[in-house]
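Novice: coordinates for the following, if possible.
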Amino acid sequence: MSFFTVSRSKRILCSVLTLGAMALSVSSAKADNPTFDVIGPHEYALPVNYAPFNVFVQYAYYQSSNEQWNANGKSVGGPHLAKAVGLSKYVRFFTLKSVPDVGFAYEIIQPTVSVQGTGTDVTGFGDPITGPAAWFKPTKNSTLGIQTFLQIPVGTKNVSDHTWKNLTSILYDVQFGDFNIDGDTGLVFQSTGHTSGGPDFQPGLTFHQNLRLGYRAHKYIEPYVGYDFGMSGATKVEGVKVANSDSYEHVIGGGLMFHFSDNISLSTRYSYGIDGQNTARTNSLNIKFAYVW
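Specialist: Numbers count the residues shown, from 1 in each chain. Here you go, the predicted structure:
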């Protein structure tokens with residue numbers, strides 16, 4: 001970190017914690033937790049014209065589900081299902097002399113997953129995620145970019161749904177003094193899935209929207225609030241739509257980011273679903289540790 005000024009290193013630490021996120025596929029449970037809901041404040045307040053550097057992030061979240069959104073959008077009781085997920089991520093940040101004023105990054109994410117509940121006991125490695133991101137700064141205090149990731153179906157058999165996925169989104173950030181607005185808008189494309197001895201299936205297209213509002217209230221502490229939305233189209237089996245397989249959910253949350261030093265931070269957040277259809281209700285605790293060097 002010797003090549004950064006103190007102010008720049010602080011900004012980088014806040015901003016690079018997540019350039020991608022984890023559309024994990026757990027075959028035993030309908031997806032909850034909207035795509036990219038791991039982002040926090042300053043996620044996309046990214047620098048340009050920097051020397052190469054590295055980031056390691058360890059995410060963990062615990063999702064406890066005993067409520068479901070039914071086909072009528074009503075919250076109803078259901079069997080208890082607990083999901084614990086860890087995500088270990090390495091990111092390399094670099095620039096290209098031939099493309100000035102543009103930042104680049106490449107990352108690799110390895111998930112581990114455990115799902116426990118009535119009639120369910122699944123543990124293993126999730127499908128790894130990898131891909132690039134690029135961005136520029138329209139103004140001194142704003143960022144605009146794109147990220148695209150490939151999720152490769154080589155995880156543990158009962159954790160992977162055995163489909164290839166592409167997660168592509170537009171990222172943006174605006175700074176207003178001590179206030180920060182972050183967000184991304186994107187799509188998740190999935191390949192046709194194949195089951196042993198069963199019919200092929202085509203998952204629907206997923207849309208997601210994530211927003212964060214943070215306020216740097218103290219040198220070491222930053223509270224923030226968030227809104228996440230995820231919507232997936234119906235799954236088709238041999239070209240026929242599966243009833244009640246389309247879903248959506250609106251999620252709100254809040255948390256704190258702790259700035260321990262210029263290159264170490266810890267973020268915590270609680271998120272809860274407030275409206276949805278055909279999916280488990282989000283009820284999750286999220287923790288994120290980041291180290292920059």
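
Novice: pLDDT value on S142, please?
Specialist: With respect to pLDDT, S142 has a value of 96.

Novice: that one contacts Q175, correct?
Specialist: Yes. S142 is within contact range of Q175, at 7.1 Å (criterion: Cβ atoms under 8 Å). Just so you know, the C-beta spots here come from the backbone N, C-alpha and C atoms, and that holds for glycine as well.

Novice: what about the chain, any weak spots by pLDDT?
Specialist: Within the chain, the stretches with pLDDT under 70 are 1-32.

Novice: and the helices in it, which stretches?
Specialist: 6-15 (DSSP state H).

Novice: can you give me the buried ones in the top strand by length along it?
Specialist: Across the chain, the strand with the greatest residue count (assigned by DSSP state E) is strand 75-96. Residues of strand 75-96 classed as buried: G78, L81, K83, V85, L87, K89, V91, F93, T95 (neighbour count, 16 or more other Cβ atoms under 10 Å).

Novice: between the residues you listed, which is closest to V57?
Specialist: Set against V57, the nearest of these by Cβ to Cβ is K89 (4.5 Å).

Novice: so who does the closest one touch?
Specialist: K89 is in contact with T18, G20, V55, F56, V57, Q58, Y59, E107, I108, I109, Q110, counting by Cβ atoms under 8 Å, 6 or more residues apart in numbering.

Novice: quick check: the last one touching S88?
Specialist: Yes. With the criterion set as Cβ under 8 Å, Q110 and S88 qualify as a contacting pair; they are 5.1 Å apart.

Novice: thinking again about what came up before, check which strands are paired with the longest strand of the chain and give the direction for each one.
Specialist: strand 53-69 (antiparallel), strand 99-117 (antiparallel) (DSSP bridges).

Novice: quick check: which of the ones you listed is nearest to S265?
Specialist: Across these, S265 has its closest neighbour in strand 53-69 (9.8 Å, Cβ to Cβ).

Novice: distance from the chain centre to the closest one, please.
Specialist: The chain centre lies 8 Å from the centre of strand 53-69; the measure is Cα atoms, centre = their mean, to the nearest Å.

Novice: give the buried residues for that strand.
Specialist: Residues F53, V55, V57, Y59, Y61, Q63, S64, S65, E67, Q68, W69 are the ones in strand 53-69 that count as buried (16+ other Cβ under 10 Å).
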